[in-house]
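*Asks:* for reference, the sequence and a predicted model appear below.
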Amino acid sequence: MDSQTVGTAKNSTHNDPVAPGWLSGLKALPSALNLNSFSAGLVAAIFGCSGPALIVIGAAQAGQLTNGQTVAWLLAIYLLGGIISLFMGIRYRMPITGAYSIPGAAIMVAAFASFSYQEAVGAFIMAGVLVLILGVTGVIGKIMRWVPMPIVMAMIAGAMIRFGIAAVEAVRAAPLIAGLAVIAFFITGRLTRKVPPVLAALVVGLIATFVTGGLQEGASTLAFVMPEFTAPVFTVGAFFGIAVPLAALVIGAENAQAIGVLMAEGYKPPINAMTVVSGVGGILAGMMGGHNANIAGPMTAICSSEQAGEDKDKRYGATVVNGILFGAFGLVAGLAVPVVMALPKALIGVVAGLAMIGVLLSALQGAFGPKLGNQVGSFVAFVVGMSSLNLLSISAPFWALVFGVLASLLADKVMSEKPAKAEPLAKVSG
């Protein structure tokens, strides 16, 4: 690892950038709400309100929750996730996007075999407290300051490469619908800058879906009911079995991805504030019956990509659009889930993958190159990030950073000169 990098990191602490503030964000918002930001925000919302919603519903079924409790869970994570997007996006004028931990919902399927829903709700609140403490103390900012940027970028590339692979698989599974969406994306990017290519891909894909009768029926049987809130029960077992792994997922998977993506796009994210907001979101979501509302990696990646517009100062408009749609989805979750899930999985997968092209290229450019240091560590972070590794109930992005740093310490040559910065990535069509 670069000795100068380590030395600088040890003698410095992370300071969040000064927020432009609400008035500045609101004043510039009309110009940030354009066709590009709307399309990127819409794609991010469709992605977050489709497959991930089914994961939550599946976990709720595993815990034998009532329909009212399930709706309360969905209301908590989507409404609060949307509020986080509006709060962070407008305050910092950055595409810092809120949602919830998808892996966190997935681990609840197994957790409900050992814990009741009441115990889980208590653990959700405790997880939020843990994240909040780490944010307030500034520990996360210091850690992220210490990790070399090429390793962070490699982790992002590894974690996000699955979107590209999913897009290829989508074309294989539904060649007409997904294939036409891909063609529309590249042709639009080639012919005009006025229409966002990802929006063209979505529109063409929807048209192909309706023409071919590709809408799915019976994807979800959850009917609209009033939310039913549950009183928490706090136990030591649920603290270690749910709260600790969930807090690690929020920090190691979601926040780490979002921070890395924003850095790759040239932003200086407020790391400590992002962690604090994720902690507060976890506490409030737990009180409502949801597992966590936090800064989300995949949605931040979509909203901060070039698809949200060439002007980086206006991309937060995509986060605002996503936040409004997320919050609305939470309010009508019982009716919205079946509607969104009627869309073909292949269409959702291919559009999300196309939206990731710019992010992936930027991350790869920032991770690998002859003028960059920490190349062994970056490679390890990349392959671990793209794996399905899960240790101690913590998913691959966190371990990608850990093993990447260790590999760099052990294998990378100590450079006497500061590594040169990578050349700016050429603009990609679309």
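*Replies:* Received, thanks.

*Asks:* hey, where'd the strands end up in the stretch 51-200 of the chain?
*Replies:* In the stretch 51-200 of the chain, the segments counted as strands under DSSP state E, counting those that start in this stretch are 98-99.

*Asks:* now the helices: where do they sit in it?
*Replies:* Assigned by DSSP state H, counting those that start in this stretch, the stretch 51-200 of the chain shows helices spanning 51-62, 67-92, 102-111, 117-137, 139-146, 149-173, 175-191, 197-212.

*Asks:* buried stuff in stretch 163-183?
*Replies:* Residues of stretch 163-183 classed as buried by neighbour count (16 or more other C-beta atoms under 10 Å): 163-164, 166-167, 169-171, 174, 177-182. (Each C-beta comes from the backbone N, C-alpha and C, glycine too.)

*Asks:* same thing with stretch 230-247?
*Replies:* For stretch 230-247, the neighbour count (16+ other C-beta under 10 Å) marks 230, 232, 235, 238, 239, 241, 242, 243, 244, 245, 246, 247 as buried.

*Asks:* can you tell me which of those residues are in helices?
*Replies:* Secondary structure defined by DSSP state H assigns 238, 244, 245, 246, 247 of the buried residues of stretch 230-247 to helices.

*Asks:* just name the lowest-scoring one in these, pLDDT-wise.
*Replies:* The pLDDT minimum for those sits at residue 245, where the score is 76.

*Asks:* would JSON lines of the buried residues of stretch 230-247 with distance to residue 59 be doable?
*Replies:* Supplementary listing: the buried residues of stretch 230-247 in JSON lines, determined by distance: C-beta to C-beta, whole Å:
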{"residue": "230", "distance to residue 59": "14"}
{"residue": "232", "distance to residue 59": "17"}
{"residue": "235", "distance to residue 59": "19"}
{"residue": "238", "distance to residue 59": "15"}
{"residue": "239", "distance to residue 59": "19"}
{"residue": "241", "distance to residue 59": "15"}
{"residue": "242", "distance to residue 59": "12"}
{"residue": "243", "distance to residue 59": "16"}
{"residue": "244", "distance to residue 59": "18"}
{"residue": "245", "distance to residue 59": "14"}
{"residue": "246", "distance to residue 59": "12"}
{"residue": "247", "distance to residue 59": "17"}
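
*Asks:* picking up where we left off before, which of the helices of the stretch 51-200 of the chain sits closest to residue 307?
*Replies:* For those, the distance to residue 307 is smallest for helix 197-212, at 4.5 Å, taking C-beta to C-beta.

*Asks:* in this structure, where is pLDDT below threshold?
*Replies:* Applying pLDDT under 70 to the chain flags the ranges 1-15, 50-51, 54, 141, 144-145, 194, 216-225, 336-341, 393-395, 413-430.

*Asks:* quick check: which of the helices of the stretch 51-200 of the chain is buried the most?
*Replies:* Comparing these by mean neighbour count (mean count of other C-beta atoms under 10 Å), helix 67-92 ranks first with a mean of 25.

*Asks:* packing partners of that helix?
*Replies:* helix 22-32, helix 51-62, strand 98-99, helix 271-288, strand 294-295, helix 316-331, helix 333-341 (3 or more C-beta pairs under 8 Å, 6 or more residues apart in numbering; DSSP states H and E).

*Asks:* can I get these in TSV including distance to residue 408?
*Replies:* Formatted as TSV, these follow (distance: least, C-beta to C-beta, whole Å):
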stretch	distance to residue 408
helix 22-32	38
helix 51-62	33
strand 98-99	31
helix 271-288	21
strand 294-295	26
helix 316-331	33
helix 333-341	42
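
*Asks:* so which of those gets nearest residue 82?
*Replies:* Comparing the helices and strands packed on helix 67-92 against residue 82 with C-beta to C-beta, the closest turns out to be helix 316-331 (3.0 Å).

*Asks:* and the residue nearest the centre of the chain, how far from residue 274?
*Replies:* The geometric centre of the chain, computed from its C-alpha atoms, lies nearest to residue 297 (C-alpha atoms, centre = their mean), at 2.1 Å. The gap separating residue 297 from residue 274 is 11 Å, by C-beta to C-beta, to the nearest Å.

*Asks:* mutual contacts of these two, please.
*Replies:* When contacts are counted by C-beta atoms under 8 Å, 6 or more residues apart in numbering, residue 297 and residue 274 have 255, 258 as shared neighbours.

*Asks:* output stretch 119-129 in PDB with nothing but the alpha carbons.
*Replies:* Extracted in PDB, the C-alpha atoms of stretch 119-129 (Å, rounded to 0.1, in the frame of the first residue of the first chain):
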ATOM      1  CA  GLU A 119     -38.100  -9.600  18.800                       C
ATOM      2  CA  ALA A 120     -37.100  -8.700  15.300                       C
ATOM      3  CA  VAL A 121     -38.700  -5.200  15.600                       C
ATOM      4  CA  GLY A 122     -36.600  -4.700  18.800                       C
ATOM      5  CA  ALA A 123     -33.500  -5.800  16.900                       C
ATOM      6  CA  PHE A 124     -34.300  -3.400  14.000                       C
ATOM      7  CA  ILE A 125     -34.300  -0.500  16.400                       C
ATOM      8  CA  MET A 126     -31.100  -1.600  18.100                       C
ATOM      9  CA  ALA A 127     -29.400  -1.900  14.700                       C
ATOM     10  CA  GLY A 128     -30.300   1.700  13.900                       C
ATOM     11  CA  VAL A 129     -28.800   2.800  17.200                       C
END
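
*Asks:* could you say what helices and strands the helix or strand where residue 42 lies packs with?
*Replies:* Here residue 42, judged by DSSP states H and E, is contained in helix 35-48. Judged by 3+ C-beta pairs under 8 Å, 6+ apart, helix 35-48 is in contact with helix 197-212, helix 297-303, helix 316-331, helix 345-355.

*Asks:* quick check: buried residues in it?
*Replies:* Applying 16+ other C-beta under 10 Å to helix 35-48 flags 36-48 as buried.
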